[in-house]
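# The amino acid sequence is not available; the structure is as follows:
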Ligand SMILES: Cc1cc2nc3c(=O)[nH]c(=O)nc-3n(C[C@H](O)[C@H](O)[C@H](O)COP(=O)(O)O)c2cc1C
């Protein structure tokens with residue numbers, strides 16, 4: 001178990017990182033990020049996912065062009081595509097793989113590796129580049145790189161009083 005205060009501080013301290021060092025990420029660290037993904041809970045334990053680790057510069061550049069903004073993908077040493085297998089869990093594939101992405105992001109942060117959830121992209125084009133089929137939904141492409149420069153200031157969060165109600 002982890003000290004609760006330490007975990008909360010860790011969760012509060014995470015940031016989306018969009019500027020990375022070009023330095024390659026150690027294979028052991030990539031493995032840990034993948035392991036964190038593999039151990040994600042899923043509905044009926046169906047694990048409706050596959051991961052593609054992309055280190056090839058040409059592919060990273062092609063994928064960067066699919067992003068609506070944040071062309072930062074072209075600078076990263078590695079990205080992981082999280083693929084949801086639709087038929088494996090037609091009702092829950094989006095939720096299960098979204099949880100995977102969070103596990104991976106937190107693992108990366110603990111290693112001093114920055115990432116950012118990429119939502120805005122031309123998915124069809126990115127799917128084509130990755131050779132994905134109709135049963136495969138490209139949830140996101142997570143870029144991973146050692147953080148370059150200052151860690152960004154925290155983004156705003158709604159106050160608990162605004163988002164919580166109690167039934168006692
Ligand atoms: C579903 C989802 C989609 C997102 N899409 C993008 C994106 O396309 N490009 C980007 O730069 N950031 C994207 N983000 C990152 C958010 O902008 C970021 O998490 C939010 O502003 C809070 O900042 P923080 O992660 O530093 O706490 C996305 C985050 C989520 C959860």
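Sure thing, it's come through. Predicted model only: the values in this text are computed from it and were never measured.
# how far away is residue 143 from residue 27?
Using C-beta to C-beta, to the nearest Å, residue 143 is found at 17 Å from residue 27. Yep, even glycine has a C-beta here, placed from its N, CA and C like the rest.
# which one of those two has more residues nearby?
residue 143 (30 against 11; other C-beta atoms under 10 Å).
# Spell out which parts of the protein neighbour the ligand.
Residues of the chain found near the ligand (C-beta under 6 Å from any ligand atom) are 15, 16, 18, 70, 116, 117, 118, 119, 120, 155.
# Going by secondary structure, the third one is in what exactly?
Going back to what we said before, that points to residue 18. Assigning secondary structure by DSSP states H and E places residue 18 outside every helix and strand.
# what kind of secondary structure is the closest residue to it other than its chain neighbours in?
For residue 18, ignoring the flanking residues on the chain, the nearest one in space by C-beta to C-beta, 6 or more residues apart in numbering is residue 72 at 4.7 Å. Applying DSSP: H, G, I helix; E, B strand; the rest coil to residue 72 yields a three-state assignment of helix.
# ok, now residue 142?
strand.
# Narrow the residues of the chain next to the ligand to those that are buried.
Buried by 16 or more other C-beta atoms under 10 Å: 18, 116, 117, 118, out of those.
# nearest to residue 105, of the residues you listed?
Residue 105 lies nearest to residue 117 out of those, by C-beta to C-beta, at 7.1 Å.
# ok, that closest one touching residue 108?
No: the criterion here is C-beta atoms under 8 Å, and residue 117 misses it with residue 108 at 11.5 Å.
# list residues touching both of the two?
residue 142 (C-beta atoms under 8 Å, 6 or more residues apart in numbering).
# Check the burial of residue 83 by counting its neighbours.
Residues near residue 83, counting by other C-beta under 10 Å: 24.
# ok so, going back, could you identify the most distant pair in the buried ones among the residues of the chain next to the ligand?
18 and 117, at 10.9 Å, using C-beta to C-beta across those.
# same for whichever strand or helix holds residue 35, what does it pack against?
Per DSSP H and E, residue 35 falls inside helix 27-38. Applying 3 or more C-beta pairs under 8 Å, 6 or more residues apart in numbering; DSSP states H and E, we find helix 27-38 packed against strand 49-54, strand 78-85, helix 93-110.
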